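A.B. asks: pasting a predicted model and its sequence here:
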Amino acid sequence: MMKGRPKSTHGFLGPVALGYLLLDFVVDQLPWLPATWATYVRIGVWAILGCAALSRIPAYEGWAQEARHVPLFLLSMLFMVASLAFEAVFGVHFVTALMGLDWHRSQPPLPDTGQWLFQALDERLPAPVTALLRAPLLGLHHFLALFLMLCFSTLWGCTPRPGVHIGAQYMRAMAWGRLLRTLAFVGTILPSPRPWCGPHRFQVPAHASPWAQQYHLPYAHDQMALWGLLKDHRAAAPPSESPPEFVPAWGRLQFLAPFLRPTPESSDDWFTTLKRAGGGCNDLVFSGHMLVAALTAAAFQDVYPGWTSAAVWALLAHSGMREVRERHHYSVDVVLGCFVGVMLWRATSPRQENRLQREDALRKAAKDGDMDRVRDILERKTRIGLEETGTPDGRTKLFGAGLLAGTFALGVAVFLLCNNG
């Protein structure tokens, strides 16, 4: 904990965060509450949380430290937006459109022993336990909400690091995870655990793309042709005859047509074609939902350890089981999503600002007799301490209000837009 952080508020975040999740779950489960009123309740809760954060602006003394990390925060946000756009255009849609709807209808799901295990447990566990394991306790947007609360809790002294810095690390780890995930599921196309997903969500041609017709379909069910391919190292089988690819009039974005593969009925514009699916079907190998959940749990473990962190990990385990139970992902997707998320959080942690490393550098400089280096380290440490504990002026408070409002608006927008993953 940094000096000046009030100890009495250290446990403030846990009850608020878990209370919010409980309220949101109860609102969803009330059969007599209209959906419109449930939305109003959520807006009211977020308005209360936002007003509480704004009320802390005059008392918060860490705005100078927050401001130092704003450039990194903005760069991390741009990196994350670019990686999400790359995943949506060249990944999620492309990997389903590439093989055509006929292939998705005909491919059975892969054998998943994790799914079998949960089915066996459902037959043996008491009904209340099974109902709890199947209950939709929280989704992707809830983990995003938990992370937003973690970042804003720095206003009450709940975290030892600036909220802007935590947010920048989260977005960098998210961006790298999304890029790795896209490369993984585009590189190896797995059939969906829900065979009806592709035909239900996507309006793409029924036949496979010319690329798949030339390099995959001739060898998918012909062992001799595949043996010849491995022997000669070149495709020798002729591609099957299929209708020509439809070419939409998208102007400068015409290059997206081979990736999105629109049909004459679904070629309004590239954005409508991309948005119509509302989610992926073959973006497997490792789960994006579990990546977000693991990053949130790792962030809590890093900057807010304790019973709240343990509760977030338990909620992560529950969400992972639901991903497999409801056949959104295979078991391997969930396991890899968790491990990749934790490793990326560790890989993007601020090593240079680690207190132990600064002490090691000071000890080494003193041992070597390098007094200039010792003096430089002590001066830097003193300067950082003064910036962290200095009383903010009016301009700094105004900056803090703008930063808080902008970040809160961005978080709410992401919360609403990512409701379907």
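C.D. replies: That came through, no problem.

A.B. asks: would you mark the buried spots in the helix or strand hosting residue 46?
C.D. replies: Using DSSP states H and E, residue 46 sits in helix 35-55. Neighbour counts over helix 35-55 (16 or more other C-beta atoms under 10 Å) mark 41-42, 45-46, 49-50, 53 as buried. Where C-beta positions appear, they are placed from N, C-alpha and C, glycine not excepted.

A.B. asks: can I get those residues in JSON lines including distance to residue 67 and pLDDT?
C.D. replies: As requested, those are arranged in JSON lines below (distance: C-beta to C-beta, whole Å; pLDDT from 0 to 100):
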{"residue": "41", "distance to residue 67": "35", "pLDDT": "85"}
{"residue": "42", "distance to residue 67": "31", "pLDDT": "83"}
{"residue": "45", "distance to residue 67": "29", "pLDDT": "88"}
{"residue": "46", "distance to residue 67": "25", "pLDDT": "85"}
{"residue": "49", "distance to residue 67": "23", "pLDDT": "86"}
{"residue": "50", "distance to residue 67": "21", "pLDDT": "83"}
{"residue": "53", "distance to residue 67": "17", "pLDDT": "84"}
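
A.B. asks: closest to residue 15 among these?
C.D. replies: Nearest to residue 15 among those, counting by C-beta to C-beta, is residue 49 at 13.2 Å.

A.B. asks: show me what contacts the closest one?
C.D. replies: Contacts for residue 49 (C-beta atoms under 8 Å, 6 or more residues apart in numbering) come out as 16, 20, 149, 152.

A.B. asks: quick one: which two of these are the most distant?
C.D. replies: Using C-beta to C-beta, the contacts of residue 49 reach their maximum pairwise distance at 20 and 152, which is 12.2 Å.

A.B. asks: okay, the two: which has more neighbours?
C.D. replies: Ranked by neighbour count (other C-beta atoms under 10 Å), residue 20 and residue 152 place residue 152 first, with 23 against 18.

A.B. asks: look up how far residue 145 lies from that one.
C.D. replies: Distance of residue 152 to residue 145, given as C-beta to C-beta, to the nearest Å: 11 Å.

A.B. asks: tell me which element the closest residue to residue 345 other than its chain neighbours falls in.
C.D. replies: Computed as C-beta to C-beta, 6 or more residues apart in numbering, the closest residue to residue 345 that is not its neighbour in sequence is residue 298, at 3.8 Å. Taking DSSP H and E as the definition, residue 298 sits inside helix 288-303.

A.B. asks: how about residue 259, nearest residue that isn't a chain neighbour?
C.D. replies: Per C-beta to C-beta, 6+ apart, closest to residue 259 is residue 94, 4.5 Å.

A.B. asks: tell me the mean pLDDT over the helix or strand hosting the one you found?
C.D. replies: Assessed by DSSP H and E, residue 94 sits inside helix 93-97. Helix 93-97 carries an average pLDDT of 88.

A.B. asks: next helix or strand past that helix?
C.D. replies: helix 100-106.

A.B. asks: just the buried positions in the helix or strand following that next one, please.
C.D. replies: Scanning forward in sequence from helix 100-106 by DSSP H and E, the next helix or strand is helix 113-124. For helix 113-124, the neighbour count (16+ other C-beta under 10 Å) marks 114-115, 118 as buried.

A.B. asks: for those residues, which one is nearest residue 246?
C.D. replies: Taking C-beta to C-beta as the measure, residue 246 lies nearest residue 115 of the buried residues of helix 113-124, at 37.0 Å.

A.B. asks: how close does the residue nearest to the closest one when sequence neighbours are not counted sit to residue 197?
C.D. replies: With sequence-adjacent residues excluded and distances taken as C-beta to C-beta, 6+ apart, residue 115 is closest to residue 324, at 5.7 Å. Distance of residue 324 to residue 197, given as C-beta to C-beta: 15 Å.

A.B. asks: quick check: mean pLDDT of stretch 279-297?
C.D. replies: Averaged across stretch 279-297, the pLDDT comes to 91.

A.B. asks: offset the numbering so it begins at 764, please.
C.D. replies: In the new count, where the first residue is 764, that last one comes out as stretch 1042-1060.

A.B. asks: sorry, back to before: got the contact list for the residue nearest to residue 878?
C.D. replies: Taking C-beta under 8 Å, 6+ apart, one finds 875, 877-878, 881, 1093-1094, 1097 in contact with residue 1087.

A.B. asks: okay if I get the residues you listed as JSON lines plus distance to residue 941 and pLDDT?
C.D. replies: Shown next, in JSON lines, are those (distance: C-beta to C-beta, whole Å; pLDDT from 0 to 100):
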{"residue": "875", "distance to residue 941": "24", "pLDDT": "94"}
{"residue": "877", "distance to residue 941": "24", "pLDDT": "93"}
{"residue": "878", "distance to residue 941": "26", "pLDDT": "93"}
{"residue": "881", "distance to residue 941": "27", "pLDDT": "93"}
{"residue": "1093", "distance to residue 941": "19", "pLDDT": "95"}
{"residue": "1094", "distance to residue 941": "21", "pLDDT": "96"}
{"residue": "1097", "distance to residue 941": "17", "pLDDT": "96"}
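
A.B. asks: out of these, who's nearest residue 922?
C.D. replies: When these are ranked by distance to residue 922 (C-beta to C-beta), residue 1097 comes first, at 28.1 Å.

A.B. asks: that closest one contacts residue 1089, correct?
C.D. replies: No. Using C-beta atoms under 8 Å, residue 1097 makes no contact with residue 1089, being 11.5 Å away.

A.B. asks: between those two, which has more neighbouring residues?
C.D. replies: Each of residue 1097 and residue 1089 has its neighbours counted (other C-beta under 10 Å); residue 1097 has more, 26 against 14.

A.B. asks: quick one: that one and residue 1081, what's the gap?
C.D. replies: 12 Å.

A.B. asks: please apply the same query to residue 785.
C.D. replies: Going from residue 785 to residue 1081 by C-beta to C-beta gives 14 Å.
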